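S.K.: Provided below for reference: sequence and predicted model.
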Amino acid sequence: MVGIRSGTEEPKYTVIGHAGDAEIRQYQQRLAASVTVPGGEVAARSEGFRRLASYIFGGNTAAAGIAMTAPVAQTAAKIAMTAPVAQSGNETGWVITFYMPAQYTEATLPKPKDPGISIVTVPGQTVAVVRFSGIPGKTAVARAKAVLDTALAGSPWRADGPGFEWFYDPPWTLPFARRNEVGVPVVHD
């Protein structure tokens, strides 16, 4: 079927529990390429994806291709001299992230030519995640976040940082076959 991810590397994790409809996962440290993009949620995702795709398709100091991985991550950003952006408020910026293939280290990963792209080390973390399918517009993301909030409210897990959205499939994937997730770092009380 067209648009179904097959063989795409994803960050490795261990499921350590559940809280209602949320899965609790432990991720190890990993490398990522991130870019901050101003604007609305969906438009920023598109622009950030385009810039990061240019980087992995050869827009780097080695002019080398870097394998695409999943998911593409999106989080609210703090733009200079503003308050943190709230998903439900006036969006002024978003951080779009591609996780790098596990074969790379900071020393071996080609540097981006786009000065707005940063290579970052994402620390290991425990996260609560709710999966959903369909087109990941604002309404669908908000609905999944509500499910996540409800799941955590009745559990020994509590949010410990800003939430995020993860998108695993290309835009041409049929909506019912898309894998999307919302999540938040958590700690156990």
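M.R.: Done, it's in.
S.K.: dump the residue contacts of the residue positioned nearest the centre of the chain.
M.R.: The centre of the chain sits closest to A73, judged by CA atoms, centre = their mean, with a distance of 1.4 Å. The neighbours of A73, taking CB atoms under 8 Å, 6 or more residues apart in numbering as the test, are A32, V95, I96, T97, F98, Y99, F164, E165, W166, F167. For glycine as for every other residue, the C-beta is placed from the backbone atoms N, C-alpha and C.
S.K.: now, which of those sits nearest L152?
M.R.: F164 (14.4 Å; CB to CB).
S.K.: Tell me the bridge partners for that closest one.
M.R.: Following DSSP bridges, F164 is listed with bridge partners G183.
S.K.: now, which of the contacts of A73 lie within strands?
M.R.: With strands taken from DSSP state E, the overlap with the contacts of A73 comprises A32, V95, I96, T97, F98, Y99, F164, E165, W166, F167.
S.K.: Confirm A144 sits in a strand?
M.R.: No. Applying DSSP: H, G, I helix; E, B strand; the rest coil, one finds A144 to be helix, outside a strand.
S.K.: my guess is it meets V130, correct?
M.R.: Yes. Applying CB atoms under 8 Å as the test, A144 and V130 come out as touching, 5.3 Å apart.
S.K.: Common neighbours of these two, please.
M.R.: Contacts common to A144 and V130, judged by CB under 8 Å, 6+ apart, are E181, V182.
S.K.: Show me what the lowest-mean-pLDDT helix or strand in the chain pairs with in its sheet, parallel or antiparallel.
M.R.: When each helix and strand of the chain is scored by mean pLDDT, DSSP states H and E, strand 72-76 comes last, with a mean of 88. Sheet pairing of strand 72-76 (DSSP bridges) gives strand 94-99 (antiparallel), strand 164-167 (antiparallel).
S.K.: Beta-bridge partners for W157, please?
M.R.: Applying DSSP bridges, one finds that W157 bridges with H188.
S.K.: what's around it, how many residues?
M.R.: When neighbours are counted by other CB atoms under 10 Å, W157 registers 23.
S.K.: Quick check: the gap between it and G163.
M.R.: Applying CB to CB, to the nearest Å, the value for W157 to G163 is 13 Å.
S.K.: just to revisit the earlier point, what sits closest to the residue nearest to the centre of the chain if chain neighbours are left out?
M.R.: Of all residues not flanking A73 in the chain, T97 sits nearest, at 4.0 Å (CB to CB, 6 or more residues apart in numbering).
S.K.: Confirm for me that that neighbour is in contact with Q74.
M.R.: Yes. When contacts are counted by CB under 8 Å, T97 is listed as touching Q74 (7.5 Å).
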